[in-house]
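S.K.: Next one to model:
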Amino acid sequence: MTTAEARTHLDYNAWASRRLLEAALALEQEQLHRDMSVSHKSIHDTLSHIHFADRIWFSRVQGVPFQKVEPLEVEWSEIHRRWLEFADLLKDSDLDRIISYKDMAGNPHETPLWQIILHCVNHATLHRGQVMAMFRQLGLKPPPTDLIFYYREMRCA
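M.R.: Numbering: from 1, shown residues only. Model (predicted):
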């Protein structure tokens, strides 16, 4: 993986999450918080889970303590911005840097940075898909967030 590829994946992640969050925030509160018996129960809670993961992985990569999470509609774009700024400063060789961290249970791990970046993007994609299924269960059409739509939009920009 190159830094350009890492940046593209992180930018895609921010783009797709932003599109889905905007659609979610247009829902009625009952729809946003309804227990759909999927993933983290509701659209809001599943999006909050993605946001939480984006933040905790960024804190691990930066080697700083995890701080209190602000509401996702306030802070999510900020964490995406910080990921992208971080990626802009990377050299290709930085992607092999080993990140030491503890998981939520306190177990120690060591993982190359490039694997963490791809994990974050993949994790968010999984849960965005679940949110899209919840939209459909509500009888609503979610916005397209597939990677190919991102590529098409970026090509036209």
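S.K.: Buried ones in the helix or strand of the chain with the lowest mean pLDDT, by neighbour count?
M.R.: Within the chain, confidence by mean pLDDT, DSSP states H and E is lowest for helix 72-88 among all helices and strands, at a mean of 89. By neighbour count with 16 or more other Cβ atoms under 10 Å, helix 72-88 contains the buried residues 72, 76, 79-80, 83, 86-87. Glycine gets a C-beta too; all of them are placed from N, C-alpha and C.
S.K.: what's next to the helix or strand just after that helix, contact-wise?
M.R.: Reading on from helix 72-88 to the C-terminus, the next helix or strand found by DSSP states H and E is strand 98-102. Residues external to strand 98-102 that are found in contact with it (Cβ atoms under 8 Å, 6 or more residues apart in numbering): 60-61, 63, 108-113, 116.
S.K.: Strand 98-102 pairs with which strands, parallel or anti?
M.R.: As defined by DSSP bridges, the strand partners of strand 98-102 come to strand 108-112 (antiparallel).
S.K.: CA atoms only for the partner strand, dumped as PDB, please.
M.R.: What follows is strand 108-112, C-alpha atoms only, in PDB (Å, rounded to 0.1, in the frame of the first residue of the first chain):
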ATOM      1  CA  PRO A 108      -1.900  -5.800  24.100                       C
ATOM      2  CA  HIS A 109      -1.500  -5.900  20.300                       C
ATOM      3  CA  GLU A 110       1.000  -4.700  17.600                       C
ATOM      4  CA  THR A 111      -0.300  -4.000  14.100                       C
ATOM      5  CA  PRO A 112       1.200  -2.300  11.100                       C
END
